[in-house]
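Colleague: Model the following, please.
(chains A, B, C and D)
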Number of protein chains: 2
Amino acid sequence: MKLNSIEEIENSNTDKENTEEIIISKIRQLIVAKHLEPGDRLPAERNLAEKFGVSRNQLRQAIQKLEFYGLVKKYPQSGTRIANIGVTALNGMMSDILELQKPDFTSLVETRIIIETNAVRLAATRRTDDQIDQIQKAHDAYSEKAIKGLEAVEEDLMFHLKLAEASNNSVINSLMLVITPEIISHFVSNKVCNKEDNYLLIKEHQAILDAIIEKDADKAVASLDNHFKELHKYCNR
Amino acid sequence: MKLNSIEEIENSNTDKENTEEIIISKIRQLIVAKHLEPGDRLPAERNLAEKFGVSRNQLRQAIQKLEFYGLVKKYPQSGTRIANIGVTALNGMMSDILELQKPDFTSLVETRIIIETNAVRLAATRRTDDQIDQIQKAHDAYSEKAIKGLEAVEEDLMFHLKLAEASNNSVINSLMLVITPEIISHFVSNKVCNKEDNYLLIKEHQAILDAIIEKDADKAVASLDNHFKELHKYCNR
DNA sequence: ATAATTAAATTGGTCAACCAATTTTTGGCA
DNA sequence: TGCCAAAAATTGGTTGACCAATTTAATTAT
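Modeller: Have a look, this model is predicted:
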């Protein structure tokens, strides 16, 4: 297969991923069948590889993915143990789920609004001064580009991610990390943003930031709501 | 290092992870320095490995992590390309990834409450009759066990997942699917639930269900809030 | 018999060589 | 000069052997 353009590339669903999924599925079955609990050791890589009829490498990669997901933790010369599920799992499973179910854009936006609204509410009361600085820097970066009439989608993304970070809720932070890029990329590909609104958007961002600085939760949420008005319109048409 | 108990195990921050972070960081520097854009090819693994003074294996693992987070995509015998996301976001997300926190239980519970509250609110207005039936069935299954004084964690889980399903928001549904089991498992392992409260919990579930049947969003949310009171107490102690 | 010590087996990690597919270069033909 | 096919170089993927640390079993001393 010759790859000339990015478009041609996108769909190259090798059987490799398929094999990996099968292995993961088998491991999960094994966990269920043997009633393995957090902390328990998984069978050795070599054993599992033989049992499943795959190479050790393939099995190792599958396990590595499970480790990324946070479902499993490896201990160098000791074994692989079942772990407590963590944020990483959340991240990984989310991206899987997002691709798997191909969520409707409306649901995505709706959820994003819910999460970010609460993130901002928390941020208004919990934010540290350092986090304020980071939000401010992101806002400045955005403003600088927006004033010039340039596209500043990336900077917009960073601003919102920094807001989520200031919520000091690691789960919310992770969720925003996963959900927001999806939305942004959708907007970029559809050229939704127009440059005329940039000045307005800067002011809206500023209002949110000000409210968080003042630790005024209600005002922060209100400012965010206002910021989302345009998004609402786009979403419901 | 001999590992006798799980506790001893937890903190085994090998230099391996550290090396990986260094490699990822260097890759980021390289992307910035060479002004690589989405779709551009990364230098070959062998070259990067030599350039960074690490083995190809270590570099491959670092790249695999980047691929896992969707920042990079590998094309089997062709090369590794930068994913369809801007440099700025890429930069930001990379640093975020490098310092991904483990989720504290408080954040998890907090987020769960946020999501489920909104799920219930949406469910009250959007639920179909069929979804009502499913919630009812889950509730009955729970009640049956709870009345007998049996543990009914699974049934409780199903009830809440069915609530989320009735929100008719695929993303919220997915999130609940990921978050709730984590919380439940935590509660199970800590034997938080006691059977004396079971009758009370049944009534609380019933109240939520009734409100959704009546399509009374506010009442549904209030009922859920009441249901979460105990959770709140546990979370904040 | 029991506890401590030592040896053997097991484990995940690492490395270098090799593979198949792709990409680039080369060479020849029109 | 332009174009196309073939060969060489490059690429990520795979394999099997080896490594150091750990775990388990065997052995010995008390």
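
Colleague: and the host helix or strand of A:Ala211, which residues are buried?
Modeller: Under the criterion DSSP states H and E, the helix or strand holding A:Ala211 is helix A:198-213. For helix A:198-213, burial by neighbour count (16 or more other C-beta atoms under 10 Å in any protein chain shown) applies to A:Asn198, A:Leu201, A:Ile202, A:Glu204, A:His205, A:Ala207, A:Ile208, A:Leu209, A:Ala211, A:Ile212. No exception for glycine: its C-beta is placed from N, CA and C like everyone else's.

Colleague: Starting from DNA strand C, give me the distance back to the closest residue to chain B within chain A.
Modeller: Residue of chain A nearest chain B, by C-beta to the nearest C-beta: A:Glu154 (3.5 Å). Distance, A:Glu154 to DNA strand C, by C-beta to the nearest atom of the strand, to the nearest Å: 27 Å.

Colleague: does the residue nearest to the spatial centre of chain A sit in a helix, a strand or a coil?
Modeller: When chain A is reduced to its mean C-alpha position, the closest residue under C-alpha atoms, centre = their mean turns out to be A:Val178, at 1.2 Å. Secondary structure of A:Val178, reduced to three states by DSSP: H, G, I helix; E, B strand; the rest coil: helix.

Colleague: where's the residue of chain A closest to chain B, which helix or strand?
Modeller: Element membership of A:Glu154, judged by DSSP H and E, is helix A:153-165.

Colleague: wait, what's in contact with A:Ile132?
Modeller: By C-beta atoms under 8 Å, 6 or more residues apart in numbering or on different chains, the contact list for A:Ile132 reads A:Ala166, A:Leu209, A:Ile212, A:Ile213.

Colleague: Buried residues, whatever helix or strand it lives in. List them.
Modeller: Counting by DSSP H and E, the element that carries A:Ile132 is helix A:129-147. Along helix A:129-147, the positions that meet the burial threshold by neighbour count (16+ other C-beta under 10 Å) are A:Gln131, A:Ile132, A:Gln134, A:Ile135, A:Ala138, A:His139, A:Ala141, A:Tyr142, A:Ser143, A:Lys145, A:Ala146.

Colleague: just those residues now: which is nearest DNA strand C?
Modeller: A:Lys145 (32.3 Å; C-beta to the nearest atom of the strand).

Colleague: wait, what's in contact with that closest one?
Modeller: By C-beta under 8 Å, 6+ apart, the contact set of A:Lys145 is A:Glu151, A:Ala152, A:Glu155.

Colleague: wait, isn't the second one in contact with A:Ile184?
Modeller: The one in question is A:Ala152. No. No contact is recorded between A:Ala152 and A:Ile184 when judged using C-beta atoms under 8 Å, the distance being 10.9 Å.

Colleague: From the neighbour counts alone, determine which of the two ranks first.
Modeller: A:Ala152 (25 against 19; other C-beta atoms under 10 Å in any protein chain shown).

Colleague: Which phi and psi values does A:Val73 adopt?
Modeller: Careful, residue A:73 is Lys and not Val. Summarising the backbone geometry of A:Lys73 under the convention degrees, to the nearest 10, its torsions are phi -130, psi 130.

Colleague: Give the residue spans of chain A that score low on pLDDT.
Modeller: Within chain A, the ranges that satisfy pLDDT under 70 run A:1-15, A:84-103, A:185-197, A:230-237.

Colleague: So if we follow the domain assignment, how does it break up?
Modeller: Using automatic domain parsing, the domains assigned to chain A come out as A:12-85, A:90-235.

Colleague: Tell me what angle the host helix or strand of A:Ser174 forms with helix A:153-165.
Modeller: Following DSSP H and E, the helix or strand that holds A:Ser174 is helix A:170-189. Angle, helix A:170-189 to helix A:153-165, by axes from the mean of the first three to the mean of the last three C-alpha atoms, to 10 degrees: 160 degrees.

Colleague: Can you give me the neighbour number for A:Asp218?
Modeller: One way to gauge burial is a neighbour count; for A:Asp218, by other C-beta under 10 Å, it gives 10.

Colleague: Sorry, slip of the keys, the one I care about is A:Ala222.
Modeller: Applying other C-beta under 10 Å, we find 15 other residues in the vicinity of A:Ala222.

Colleague: quick one, what contacts it?
Modeller: Counting by C-beta under 8 Å, 6+ apart, A:Ala222 has contacts A:Ala211.

Colleague: tell me which element it is part of?
Modeller: Assignment of secondary structure by DSSP H and E places A:Ala222 within helix A:217-235.

Colleague: Show me what from chain A comes close to DNA strand D.
Modeller: With C-beta under 7 Å from any atom of the strand as the criterion, chain A comes near DNA strand D at residues A:Lys16, A:Ser55, A:Arg56, A:Asn57, A:Gln58, A:Gln61, A:Tyr75, A:Pro76, A:Gln77, A:Ser78, A:Gly79.

Colleague: Give me the spatial nearest neighbour of the last one, chain neighbours excluded.
Modeller: Meaning A:Gly79. A:Arg41 (4.3 Å; C-beta to C-beta, 6 or more residues apart in numbering or on different chains).

Colleague: do the second one as well
Modeller: Among residues not flanking A:Ser55 along the chain, A:Ala49 sits closest, at 6.3 Å (C-beta to C-beta, 6+ apart).

Colleague: what's the burial count for the one you found?
Modeller: Under the neighbour criterion other C-beta under 10 Å, A:Ala49 is assigned a count of 19.

Colleague: What's the separation between it and A:Lys73?
Modeller: In this structure, A:Ala49 lies at 19 Å from A:Lys73, with C-beta to C-beta, to the nearest Å as the measure.

Colleague: now do A:Ala152
Modeller: Between A:Ala152 and A:Lys73 the computed distance is 40 Å (C-beta to C-beta).

Colleague: okay, which residue of chain A is out on the far edge from center?
Modeller: Using C-alpha atoms, centre = their mean, the residue of chain A lying farthest from its centre is A:Glu50. It sits 35.4 Å away.

Colleague: Now that one: which helix or strand?
Modeller: Short version, using DSSP H and E: A:Glu50 is in helix A:45-52.

Colleague: Sort out which residues of that helix are buried, please.
Modeller: A:Glu45, A:Leu48, A:Ala49, A:Phe52.

Colleague: The third one is in contact with A:Ala62, isn't it?
Modeller: Read it as A:Ala49. No. Under the criterion of C-beta under 8 Å, A:Ala49 is not in contact with A:Ala62, lying 9.9 Å apart.

Colleague: ok so A:Ile31 is a helix residue?
Modeller: Yes. Judged by three-state DSSP, A:Ile31 forms part of a helix.

Colleague: what's the angle between the biggest helix by length in chain A and helix A:129-147?
Modeller: Among the elements of type helix in chain A, defined by DSSP state H, the one spanning the most residues is helix A:105-126. Relative orientation of helix A:105-126 versus helix A:129-147 (the same axes, to 10 degrees): 130 degrees.

Colleague: can you give me how far helix A:105-126 is from the chain middle?
Modeller: Per C-alpha atoms, centre = their mean, to the nearest Å, the displacement of helix A:105-126 from the mean C-alpha position of its chain is 13 Å.
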